[in-house]
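Q: need a 3D model of the following:
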Amino acid sequence: MKPIVIMANNVQELGGAQVVVHSLAKVFVSNGHKCFVVGVTPHAEPHDFGKSETTTLMPRIWPLSIPDDPQNAKDRTELRSIAVSNLADLLNSLEPGFVIAAQLWSLEILLDAMKLVLRSSEWRIIGQYHGAFAAAASGRDLKRAVRLAPSCDVFAVLTREDAQAFEQCGLTNVMVIPNPSTWKPSPGFTRSPKKYIDFIGRFSLEKGPDLALAGFELARAELGPETKLRMIGSGPLESELREQAGPQVEFVAPTTDIESILCESGVLLLTSRTEGAPLVVAEALAAGVPVIATDCSAGVREFFQTNEGAYTDLIARESPRAIAESLIRFSRAQTIVISTKSQVSISGYEIWAAVFDSL
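A: Got it, this is the predicted structure:
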């Protein structure tokens, strides 16, 4: 079988894109492919994803841009050149196969490296966008995607709604490839829900942890003293969040033991400002955990539309009041909520095999 190289901006962080990349690698290896997992930059707190064969292209962490700083510009230029050269060397050492670039920056590095690859025309390139079209359109990603996608054999997005939107921008190679299932309940899984409202995610602006805290505070009196908000994760806003949090808020470090969290979870609260198809929602619904989520992407809406069991509530973005009202509605409805395992669409190897065969 042809080799498969899967790239992301980094492959060491415990984040959604990284979980997807390593999950795909396991799927491909289990189906007989030689698979290489490649990150552009190292991560400050690398997570051990197990036996995946991984490579990091840059020797040190990519520095943030500092305007009018010549040394910063020189460092960034040097690191980028090293990444491009190292990737070209890797691809030149392999028989041509498939390269999946899971994020736009990694795709930019890949396309530059391809200029140095001797048999570049024999490699098939699959670019991916893991965010929603709306998020891309609200920032600089849309222009980048429209510029980069035509150089790919396939440009993959997560939902049909996003695919149609990208197609309307003139892209002709868009395909829907859902994320793989990264977790399913063990055979003996049972839920023993406690009065936990769980926020699970990176403590960064786009994930809206500040909104979760504000919404919980507005609802706290109605929810009662026994109800706790668990903030499960880490990130740049952590110190600020801890300063704002009241006594009914608990902070929990990121964990890969999602089953122990979902076993106790009373309700998952997703307050993102932007998203793609968040894995945590798929995992919660697969376990029958009620989900309250902001209407932040086509992926979230699609999960809710295909859900067949757990309580769900889709609420307005950027509104602590809407979050509070939904939490109160849920607390009043709990006596009639039945926790059943939901059916969430799962993409398997068959979808990828069909893509490979078509290329």
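Q: what about the longest helix in this structure?
A: helix 70-92 (DSSP state H).
Q: can you tell me what sits against the helix or strand just after that helix?
A: Once helix 70-92 ends, the next helix or strand along the chain (criterion: DSSP states H and E) is strand 98-101. Under the contact criterion Cβ atoms under 8 Å, 6 or more residues apart in numbering, strand 98-101 has outside partners 2-8, 24, 91, 107, 110, 123-128, 152, 356, 359. Glycine gets a C-beta too; all of them are placed from N, C-alpha and C.
Q: same thing but 6 Å
A: Strand 98-101 is contacted by residues 4-7, 107, 110, 123-127 when judged by Cβ atoms under 6 Å, 6 or more residues apart in numbering.
Q: partner strands of it, with direction?
A: strand 4-8 (parallel), strand 124-128 (parallel) (DSSP bridges).
Q: farthest-apart pair in the contacts of strand 98-101, please.
A: The span of the contacts of strand 98-101, defined through Cβ to Cβ, is set by Ile4 and Leu107 at 15.5 Å.
Q: one step back: now the strands paired with strand 98-101 as JSON lines including mean pLDDT?
A: Shown next, in JSON lines, are the strands paired with strand 98-101 (pLDDT from 0 to 100):
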{"stretch": "strand 4-8", "mean pLDDT": "97"}
{"stretch": "strand 124-128", "mean pLDDT": "98"}
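Q: make CSV from those strands and add mean neighbour count and distance to Val117 to it.
A: CSV is the format used below for those (neighbours: other Cβ atoms under 10 Å; distance: least, Cβ to Cβ, whole Å):
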stretch, mean neighbour count, distance to Val117
strand 4-8, 25, 11
strand 124-128, 24, 11
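Q: for the ones you listed, could you give me CSV that also reports distance to Leu269?
A: Output for the strands paired with strand 98-101, formatted as CSV (distance: least, Cβ to Cβ, whole Å):
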stretch, distance to Leu269
strand 4-8, 27
strand 124-128, 27
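Q: which one of these lies nearest to Arg317?
A: Across the strands paired with strand 98-101, closest to Arg317 is strand 124-128 (Cβ to Cβ), at 24.0 Å.
Q: for that closest one, C-alpha coordinates in CSV please.
A: What follows is strand 124-128, C-alpha atoms only, in CSV (Å, rounded to 0.1, in the frame of the first residue of the first chain):
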residue,chain,number,x,y,z
ARG,A,124,-1.7,13.1,-4.0
ILE,A,125,-2.6,16.0,-1.7
ILE,A,126,-5.6,16.2,0.6
GLY,A,127,-6.1,19.5,2.4
GLN,A,128,-8.5,19.8,5.3
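Q: ok, and what's touching that strand?
A: Strand 124-128 is contacted from outside by 98-102, 107, 149, 152-156, 359, using Cβ under 6 Å, 6+ apart.
Q: go ahead and confirm Gly16 touches Leu279.
A: Yes. With contacts counted by Cβ atoms under 6 Å, Gly16 reaches Leu279, the gap being 5.2 Å.
Q: now for the strands paired with strand 98-101, which one comes closest to Gly188?
A: The nearest among these, by Cβ to Cβ, is strand 4-8 at 32.3 Å.
Q: would you mind giving the orientation angle of that closest one with respect to helix 70-92?
A: For strand 4-8 against helix 70-92, the angle by axes from the mean of the first three to the mean of the last three Cα atoms, to 10 degrees is 160 degrees.
Q: work out the gap between the very next helix or strand once past strand 4-8 and the centre of the chain.
A: Next helix or strand after strand 4-8 toward the C-terminus (DSSP H and E): helix 16-30. Here the centre of helix 16-30 is set off from its chain's centre by 12 Å, with Cα atoms, centre = their mean, to the nearest Å.
Q: export helix 16-30 as PDB, just CAs?
A: Output in PDB follows, covering the C-alpha atoms of helix 16-30 (Å, rounded to 0.1, in the frame of the first residue of the first chain):
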ATOM      1  CA  GLY A  16      -9.000  18.400  18.700                       C
ATOM      2  CA  ALA A  17      -6.900  18.500  15.600                       C
ATOM      3  CA  GLN A  18      -4.200  16.500  17.200                       C
ATOM      4  CA  VAL A  19      -6.600  13.800  18.400                       C
ATOM      5  CA  VAL A  20      -8.000  13.500  14.900                       C
ATOM      6  CA  VAL A  21      -4.600  13.200  13.300                       C
ATOM      7  CA  HIS A  22      -3.500  10.500  15.700                       C
ATOM      8  CA  SER A  23      -6.800   8.700  15.400                       C
ATOM      9  CA  LEU A  24      -6.500   8.700  11.600                       C
ATOM     10  CA  ALA A  25      -3.000   7.400  11.800                       C
ATOM     11  CA  LYS A  26      -4.200   4.400  13.900                       C
ATOM     12  CA  VAL A  27      -7.000   3.700  11.500                       C
ATOM     13  CA  PHE A  28      -4.600   3.800   8.500                       C
ATOM     14  CA  VAL A  29      -2.000   1.600  10.200                       C
ATOM     15  CA  SER A  30      -4.600  -0.900  11.200                       C
END
